[in-house]
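3D model of this:
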Amino acid sequence: MAGSPRRTAGRRLQLPLLCLLLQGATAILFAVFVRYNHETDAALWHWHNHSNADNEFYFRYPSFQDVHTMIFVGFGFLMVFLQRYGFSSVGFTFLSAAFALQWSTLVQGFFHSFHRGHIHVGVERLGRLSFCSWPCWRWCCLASTSLCSLVSSGVLYRPQLEKSKHRQGSVYHSDLFAMIGTIFLWIFWPSFNSAPTTLGDGQHRSALNTYYSLTASTLSTFALSALVGRDGRLDMVHIQNAALAGGVVVGTSAEMMLTPFGALVAGFLAGTVSTLGYKFFTPTLESKLKVQDTCGVHNLHGMPGVLGALLGVLVAGLATHEAYGDGLESVFPLLAKGQRSATSQAMHQLFGLFVTLIFASVGGSLGGLLLRLPFLDAPPDSQCYEDQVYWEVPGEHEDLAQGPLRAEELETQA
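Model (predicted):
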């Protein structure tokens, strides 16, 4: 694709300089702060005379693998529905996730595993960091992602993005590939919700509650999609996304005594809310506010995430010693010690929701302002959602895209 020499030169340097800067900074921080923990360090592990079978690696690593499959395969392929943005969807997901693993080790490590001036890591600790460490507030990562995305889009506010509207649609094979991502996420979401919980009964409940919730959200998605669709036909966008809402909605309450019935109800409501969001709320955002949530983050993560936070408030408020027995200490340790009542625990979790939304608003605003900086050289509105801007594409793809892109570029220059 042709372009001005200045823009081409800038694009040639942007990504290499950014990658080198970020990797250099994290490498220095790793050298200064990051050390092996007692289960990874050879001297510390054997000094305590443990057997290899005692190491938590053998219990944590399967879930660790599952969640990485979600991130690199599931989320990567879920985004390939855009007909001419598949390379960017998979490739930039790969790049972002690889850096996020390093960055999350540092940021969350300073909060959760910082001891005597160092961050101590092992597979089980890295897994916990990757899955969001505070079990009762796991939904923060999902709900805040949605609001950050919307606020960032609002700050960017590109009113002429309709020039690329024809590229926002999908084609048959791109939707089929996106369903691969959906299936991977659906299968491995129970690992995502159960991985950070305490070994034992808590992980059992998390996995079961997530599975039941996912099955219910799938059924409600198919039902609502046909109900609101034209001539009773299913919309693949709904199936690709809203069917996963059941995994989101139980993120905060999965290890609680939600009961299988409660998981089914929660999943069904989440699938319903998510499907209706895709059908009615997303078009309103675009037409009224000029905010484009291309990936439907608000519908899949935002509204089900907030619903899940409120569900957590409800279930926490109903927690009793009779329901949990000795297991109360692993789920609500302060309740078990008598330092907090069930009502107080519920209020703390409700307060966590408001804190999350505040952080998301600030983070989204800063992200949007950062993306508007001139040196980042965002593509013009007429060339968004196009792989050719950043990737070498096969000749067949190039022939299809070159004509419209070249015509639009000449029109812009004129």
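
tell me which helix or strand of this protein sits lowest on mean pLDDT?
For the chain, the helix or strand with the lowest mean confidence is helix 395-413, at a mean of 50 (criterion: mean pLDDT, DSSP states H and E).

Run through this structure and note the low-pLDDT ranges.
Within the chain, the stretches with pLDDT under 70 are 1-11, 48-49, 124-163, 377, 395-414.

Would you map out the domains in it?
12-133, 136-169+200-378 (automatic domain parsing).

nearest to residue 391, of these?
domain 12-133 (4.5 Å; C-beta to C-beta). Backbone N, C-alpha and C define where each C-beta goes, glycine included.

hmm, back to that, out of the domains of the chain, which is the most enclosed?
Burial of the domains of the chain is given as mean neighbour count (mean count of other C-beta atoms under 10 Å); domain 136-169+200-378 ranks first at a mean of 19.

Report the distance from it to the chain centre.
Offset of domain 136-169+200-378 from its chain centre (C-alpha atoms, centre = their mean, to the nearest Å): 10 Å.

repeat for stretch 47-63
29 Å.

could you dump that stretch to CSV, C-alpha only?
Extracted in CSV, the C-alpha atoms of stretch 47-63 (Å, rounded to 0.1, in the frame of the first residue of the first chain):
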residue,chain,number,x,y,z
TRP,A,47,16.8,-27.0,52.3
HIS,A,48,13.3,-27.5,53.7
ASN,A,49,13.5,-31.2,52.8
HIS,A,50,10.4,-31.3,50.6
SER,A,51,9.7,-34.0,48.1
ASN,A,52,9.1,-33.1,44.4
ALA,A,53,5.5,-34.3,44.7
ASP,A,54,4.8,-31.6,47.4
ASN,A,55,5.5,-28.8,44.9
GLU,A,56,2.4,-26.8,44.0
PHE,A,57,3.6,-26.8,40.4
TYR,A,58,1.9,-30.1,39.8
PHE,A,59,-1.4,-28.7,40.9
ARG,A,60,-1.2,-25.3,39.3
TYR,A,61,0.4,-25.8,35.9
PRO,A,62,-2.6,-27.4,34.2
SER,A,63,-4.7,-24.4,34.9
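
my read: residue 201 touches residue 327, true?
Yes: with contacts counted by C-beta atoms under 8 Å, residue 201 reaches residue 327, the gap being 5.8 Å.

so which of the domains of the chain gets nearest residue 188?
domain 12-133 (4.4 Å).

which residues of the stretch 1-150 of the chain fall in helices?
5-33, 42-47, 57-69, 76-78, 86-112, 123-130, 139-156 (DSSP state H, counting those that start in this stretch).

Other residues contacting the shortest one?
With C-beta atoms under 8 Å, 6 or more residues apart in numbering as the test, helix 76-78 has contacts from 89-90, 93-94, 177-178, 180-182, 184-185, 240-241.

Nearest to residue 208 among those?
Among the contacts of helix 76-78, and counting by C-beta to C-beta, the member closest to residue 208 is residue 185, at 17.9 Å.

what number of residues lie near that closest one?
Other residues near residue 185 come to 25 when the count uses other C-beta atoms under 10 Å.

looking just at contacts, which helices and strands does the helix or strand hosting it meet?
For residue 185, the element it lies in under DSSP states H and E is helix 172-194. Counting by 3 or more C-beta pairs under 8 Å, 6 or more residues apart in numbering; DSSP states H and E, the packing neighbours recorded for helix 172-194 are helix 57-69, helix 76-78, helix 201-228, helix 236-241, helix 245-249.

May I see the buried residues of that helix?
Judged by neighbour count using 16 or more other C-beta atoms under 10 Å, the buried positions of helix 172-194 are 174-175, 177-182, 184-186, 188-194.

Figure out which of the helices and strands packed on helix 172-194 is closest to residue 275.
Among these, helix 201-228 sits nearest to residue 275 (C-beta to C-beta), with 4.1 Å.

what's the closest one packed up against?
Checked by 3+ C-beta pairs under 8 Å, 6+ apart, helix 201-228 has helix 172-194, helix 236-241, helix 245-249, helix 260-276, helix 328-331 packed alongside it.

quick one: residue 391 and residue 91 touch, right?
Yes: assessed by C-beta under 8 Å, residue 391 is found in contact with residue 91 at 7.2 Å.
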